[in-house]
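1. What would the 3D arrangement of this be:
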Amino acid sequence: MKIWIDIRNFCKKNNLFVKELIENISKIDKENNYNIYWDIEFQSEKINIINNQKFQSFFWEQTFFLKKLLNDKNDIVLFFDETRPIFYKKNAIQVISSLERLLYPDLKYTKFFKKYSFLHAIKSNIKSANKIICFDEKTKKDINEKLNTPEEKISIVNWFFWKNKNPTSKVDVKTKHQIIWDYVIYDNFIWVNKNIKRFLESIKEINKEQKLSVIFIWNEIAEDIETRQLTLDLQIEKNIIFAWNIQESELWLYYENALWVVYPAIYESFPKNLSN
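-> Residues are numbered from 1 along each chain as shown. Model prediction:
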């Protein structure tokens with residue numbers, strides 16, 4: 001049997017999970033062949049890793065990626081991305097880790113056509129999937145009630161935490177970033193429901209009584225001019241560190257030495273970032 005796993009966008013925020021998934025498939029499943037769309041080097045007779053750069057935009061995904069799916073004639077396709085080609089109606093299993101993208105669309109989709117196309121694709125793909133996999137009862141209930149999806153079509157797979165393998169780095173995080181106080185980690189991306197402004201205002205209030213630093217992990221936040229300007233306006237720039245391109249071998253030390261980790265999710269079924 002030939003199985004396709006579409007994990008192009010999901011892997012960007014769940015890098016460790018994807019590596020663990022691929023490694024376990026190669027060890028456990030000796031019978032089936034896999035096509036996996038992801039830009040990583042992996043050697044296996046049963047797993048074919050295909051570079052994903054061709055299908056990044058919504059238009060290319062709905063046209064050329066659809067053509068690729070049809071030409072490959074897979075027996076089953078496991079989709080981790082909800083915006084998959086809407087005209088692919090064959091044996092599709094849809095993984096829904098969260099309805100956040102549906103309930104809180106990205107700011108770049110605020111224009112009517114983009115917003116409508118994006119939301120229509122998600123709803124259509126959930127409706128047409130042969131099977132839906134989610135990670136908790138709440139998401140299953142929301143899919144059933146808000147999207148009018150039959151309950152028997154939805155299965156729950158319990159999420160898991162994976163182990164950090166062989167951490168080797170000995171870097172001193174505080175020395176590296178010249179931090180003299182305790183620090184907390186803000187580990188999330190920019191989204192309409194992630195209120196960074198309110199968070200930074202709270203940090204300013206805290207620092208009136210107790211000095212505290214913040215390390216922003218995501219490059220997306222580090223590149224955001226509005227967030228950087230806000231730290232200047234609030235006069236807390238000395239307390240804020242934007243950590244760029246942290247090595248995987250060092251990442252565990254950032255969490256190991258942090259006082260707290262701030263996770264600002266308003267709606268997410270299982271915060272996968274907490275696996276870090």
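2. E61 touches P85, doesn't it?
-> Yes: using Cβ atoms under 8 Å, E61 is in contact with P85, at 6.4 Å. Glycine gets a C-beta too; all of them are placed from N, C-alpha and C.
3. pLDDT weak spots in the stretch 51-200 of the chain?
-> Residue ranges of the stretch 51-200 of the chain with pLDDT under 70: 51-58, 104-115, 160-167, 189-194.
4. In the protein, where's the longest helix?
-> helix 112-128 (DSSP state H).
5. how about the strands in the stretch 151-276 of the chain?
-> All strands of the stretch 151-276 of the chain, identified by DSSP state E, counting those that start in this stretch, fall at 154-156, 183-186, 213-216, 240-242, 260-262.
6. distance between the ends of stretch 175-195?
-> End-to-end span of stretch 175-195 (Cα to Cα, to the nearest Å): 29 Å.
7. K127 is in contact with L147, correct?
-> Yes: counting by Cβ under 8 Å, L147 does reach K127; the two are 7.1 Å apart.
8. distance of A258 from K174?
-> Distance of A258 to K174, computed by Cβ to Cβ, to the nearest Å: 10 Å.
9. Neighbour count for those two, which is higher?
-> When A258 and K174 are compared for neighbours, A258 comes out ahead with 18 against 14, by other Cβ atoms under 10 Å.
10. ok, that one touching W181?
-> No: using Cβ under 8 Å, A258 makes no contact with W181, being 12.0 Å away.
11. so how many other residues sit close to V18?
-> 19.
12. So it belongs to a strand, correct?
-> No: counting by DSSP: H, G, I helix; E, B strand; the rest coil, V18 is located in no strand; its state is helix.
13. coming back round to it: residues shared between the contacts of A258 and K174?
-> Counting by Cβ atoms under 8 Å, 6 or more residues apart in numbering, the residues touching both A258 and K174 are Y183.
14. So which residues of the stretch 101-250 of the chain form helices?
-> 112-128, 137-146, 173-177, 196-206, 219-222, 225-233, 248-256 (DSSP state H, counting those that start in this stretch).
15. Generate JSON lines for these, with distance to N74 as supplementary columns.
-> Shown next, in JSON lines, are the helices of the stretch 101-250 of the chain (distance: least, Cβ to Cβ, whole Å):
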{"stretch": "helix 112-128", "distance to N74": "16"}
{"stretch": "helix 137-146", "distance to N74": "24"}
{"stretch": "helix 173-177", "distance to N74": "44"}
{"stretch": "helix 196-206", "distance to N74": "41"}
{"stretch": "helix 219-222", "distance to N74": "32"}
{"stretch": "helix 225-233", "distance to N74": "42"}
{"stretch": "helix 248-256", "distance to N74": "31"}
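16. Minimum distance to F118: which of the strands of the stretch 151-276 of the chain has it?
-> For the strands of the stretch 151-276 of the chain, proximity to F118 was assessed by Cβ to Cβ; strand 154-156 is nearest, at 22.1 Å.
17. what lines up beside the closest one in the sheet?
-> Strand pairing for strand 154-156, using DSSP bridges, gives strand 131-134 (parallel).
18. now the end-to-end length of stretch 229-249.
-> In stretch 229-249, first residue to last residue: 31 Å (Cα to Cα).
19. What about V171, how many residues nearby?
-> 13.
20. For the closest residue to it other than its chain neighbours, give its distance to E220.
-> Among residues not flanking V171 along the chain, E250 sits closest, at 5.2 Å (Cβ to Cβ, 6 or more residues apart in numbering). Distance, E250 to E220, by Cβ to Cβ: 19 Å.
21. the more surrounded of these two?
-> The neighbour count for E250 versus E220, taken as other Cβ under 10 Å, is higher for E250 (16 against 13).
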